[in-house]
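In: I need the structure of the sequence given here:
(chains A and B)
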Amino acid sequence: MPFRFEVLATDPTGARLGRLTTPHGTIDTPAFMPVGTAATVKGQTQADLEDLGVQILLSNTYHLFLRPGHVLIRELGGLHQFMSWPRAILTDSGGYQVFSLSALRKITDEGVKFRSHLDGSEQFLSPEKALEIQIALGSDICMVLDECIEAPSTEPCARQAAERTLAWARRSRDYFEQHGDSDRQMVFGIVQGGTHADLRRENAAALVELKFPGYAIGGLAVGESHSVTCEMTQAAASALPVEKPRYLMGVGKPEQIVDYVALGIDMMDCVLPTRSARHGCLFTSQGRVLIRNAQYARDPRPLDENCGCAVCRRYSRAYLRHLYSTGEFLSVILNTHHNLYFYLDTMRKIREAIRFGNLKRFRSDLQERLK
RNA sequence: GGACGGGUGGGUGAGUGGCUAAAACCAGCAGACUGUAAAUCUGCCGCUCCUUGCGGGCUACGGAGGUUCGAAUCCUCCCCCGUCCA
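Out: The predicted structure is shown next:
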C-alpha cells in the first residue's frame, strides 16, 4: 500500500503524532503545508523548500487548470515533474475559489461557473472535472470540490452548502473509483456546515459513510472568531474516524495552530507565512515583527535571536528593513524563507511536545510569547 | 540689456476668485493579511488647543504691497530659475 497513515502517539490534550506515507515520501504530522498555488511557493526555489524540510506542498486545481492547463502539465510528466518537486503534493480543488472569487461565479448543483479572473472567459468546474484535473496533475492528495461559504451564514444557507458539498463528495468518490488510481493518489472529503456545530457533526458523520482515506474540515477561518473556529473544528473532528488523517483547511496563525493540533488536527495549510512575508510581517518567537517599522532602521540584531534559519544567522533587522523599504526582490525571498522556517520549526516543536505528552505546557508558553 | 516661460505643502505636480490645509502620485508613519485575483490593501501625513467634533485657533502656494465681502488664483513692484535674442 503506497498510502498509509499511522498514529504514533497521542497527547493528553487530544493531539496526535502521526506519519502519513505517500508515493512521494512520508509526512510527519501534525504537518504544515506551505501554499504554492501556481506550482510555486512565491519567493522560494524547490531546493530552498527541500532544505527547509517541507514534506508536502499545496497547489491549486483551479489556478493550474486556467494556466498553464492540466493537459499541458500531464504532457510534461505531471505536476511533480513539471515543477521539479520530489516530495508530496496536495491540490486544493478550487473550492476556496468558489468563496474568494464569489463575485465572478455562479453555483448550481451541477457545479460552479466561473468568470476567469485572468481574461474574463467562462469556465466550469464540477466535482468530476475537479477530479479529472487533479488526476492529470498527479497530486498525491486530491480534494473534492466543495462549497465554501463566508461566516457568519444562516443555518439554512450553511445547510444547503454542506449538503451540496456532501453530494459532490459522493460524485467525486465515484468518479475517482472509475477513473483514478488509488495506488497513486488519495482523495479527501471535506466537511462543511458553517458555524453551526450540529450541522458540522451531522455533515461529518454523513461524509464518513463515504469512506474517504482522509477528511478535511473546510469553510473555517473565514470571518468567525478563533473560539468559534475551534468549536467547529471540535464538532467536526468528533465525528471523524481516529485512524484517518484530518486536515483543517486554510489555517492559521502560529498561536492558533497549536489549538487546532490539540483538537486532533493532523494537517494544515495557510498563505499567512508566505503572504505576510511579502508584506513585511515576520513571525518570531517573540511575536510578529513589522520589519518596515522605523524602530528597526538601525537595529543590528538578527530578526529573531532564537531562530536558527539562514536569514537570522546572517542578516540584521536593519538590512531586512532596508530590503523591504527599497522593494528589493531579496526582501521577498529572505522574508518568506524565515517565515516558513518559523512555521515548520514550530511544527517540529509541536510534534516533539506531543511525543513527550506535554503539548499543553508548550501551547501556553507559545501563546504567552506570541500574544 | 531685451523676449518669452516658470516659482504650490519633504519631492514630482494639479489647481487659474469662494465647495482649497490645497487633487494625484512618491517619500514618510502606522495597521491589516488565515484551502493566494494580494511583493497587496487600509488609515495618517502644516502647527496647535480642547468638551476629540465631518470642533476651534494659527500659519501656508517665491517676497512686499494692492483690488475684492472673499486671493494660490486678479493688479503693481521686487527676488529667483529656465529657454531664446543681443
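In: OK, contacts around the closest residue to RNA strand B within the stretch 1-150 of chain A?
Out: Here the residue of the stretch 1-150 of chain A nearest RNA strand B is residue A:148; by C-beta to the nearest atom of the strand that distance is 2.5 Å. For every residue, glycine as well, the C-beta is placed using N, CA and C. Going by C-beta atoms under 8 Å, 6 or more residues apart in numbering, residue A:148 touches A:95, A:96, A:98, A:99, A:161, A:192, A:218, A:219, A:222.
In: which of the residues you listed are close to RNA strand B?
Out: Among those, the ones lying near RNA strand B by C-beta under 7 Å from any atom of the strand are A:95, A:96, A:99, A:218, A:219, A:222.
In: quick check: the first one touching residue A:143?
Out: When you say that, I think you mean residue A:95. Yes - using C-beta atoms under 8 Å, residue A:95 and residue A:143 qualify as a contacting pair, with a distance of 6.9 Å.
In: can you flag which of the ones next to RNA strand B among the contacts of residue A:148 belong to helices?
Out: A:95, A:96, A:99 (DSSP state H).
In: ok, and the most crowded of those?
Out: residue A:95 (27 neighbours; other C-beta atoms under 10 Å).
In: OK, contacts around the closest residue to that residue other than its chain neighbours?
Out: Nearest residue to residue A:95, sequence neighbours excluded (C-beta to C-beta, 6 or more residues apart in numbering): residue A:146, at 3.9 Å. Going by C-beta under 8 Å, 6+ apart, residue A:146 touches A:93, A:95, A:98, A:165, A:168, A:169, A:190, A:192, A:218, A:219.
In: as TSV, the contacts of residue A:148 with pLDDT would be great.
Out: Listed next are the contacts of residue A:148 as TSV, based on pLDDT from 0 to 100:
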residue	pLDDT
A:95	91
A:96	93
A:98	86
A:99	89
A:161	96
A:192	97
A:218	97
A:219	96
A:222	95
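In: please identify which pair of the residues you listed lies farthest apart.
Out: The most widely separated members of the contacts of residue A:148, counting by C-beta to C-beta, are A:96 and A:161 (13.1 Å).
In: any idea how far residue A:233 is from residue A:247?
Out: 11 Å (C-beta to C-beta, to the nearest Å).
In: which neighbours do the two share?
Out: Once C-beta under 8 Å, 6+ apart is applied, the residues that residue A:247 and residue A:233 both contact turn out to be A:217, A:265.
In: what sits against the closest residue to residue A:197 other than its chain neighbours?
Out: Distances taken as C-beta to C-beta, 6+ apart place residue A:235 nearest to residue A:197, at 4.1 Å, with adjacent residues excluded. Applying C-beta under 8 Å, 6+ apart, we find residue A:235 in contact with A:193, A:197, A:198, A:200, A:201, A:204.
In: one more time with 10 Å
Out: A:191, A:193, A:195-204, A:217, A:263 (C-beta atoms under 10 Å, 6 or more residues apart in numbering).
In: may I ask which of those has the most neighbours?
Out: Busiest of those [other C-beta under 10 Å] is residue A:191, holding 35 neighbours.
In: quick check, that residue in contact with residue A:218.
Out: Yes - judged on C-beta atoms under 10 Å, residue A:191 makes contact with residue A:218 at a distance of 6.6 Å.
In: what's the overlap in contacts for the two?
Out: The contact lists of residue A:191 and residue A:218 share A:146, A:162, A:165, A:236, A:248, A:249, where a contact means C-beta under 10 Å, 6+ apart.
In: quick one on the thing from earlier: which residues do residue A:95 and residue A:143 both contact?
Out: By C-beta under 10 Å, 6+ apart, the residues touching both residue A:95 and residue A:143 are A:61, A:130, A:190, A:216, A:218, A:249.
In: show me what from the stretch 251-371 of chain A comes close to RNA strand B.
Out: Looking at RNA strand B, the residues of the stretch 251-371 of chain A close enough under C-beta under 7 Å from any atom of the strand are A:251-253, A:256, A:269-272, A:274-276, A:278-281, A:288, A:290, A:292-295, A:297, A:325, A:327, A:329, A:332.
In: could you turn the buried ones of those into a ChimeraX selection?
Out: Here is the ChimeraX command that selects the buried residues among those (16 or more other C-beta atoms under 10 Å):
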select /A:251,252,253,256,269,270,272,274,276,278,280,281,292,332
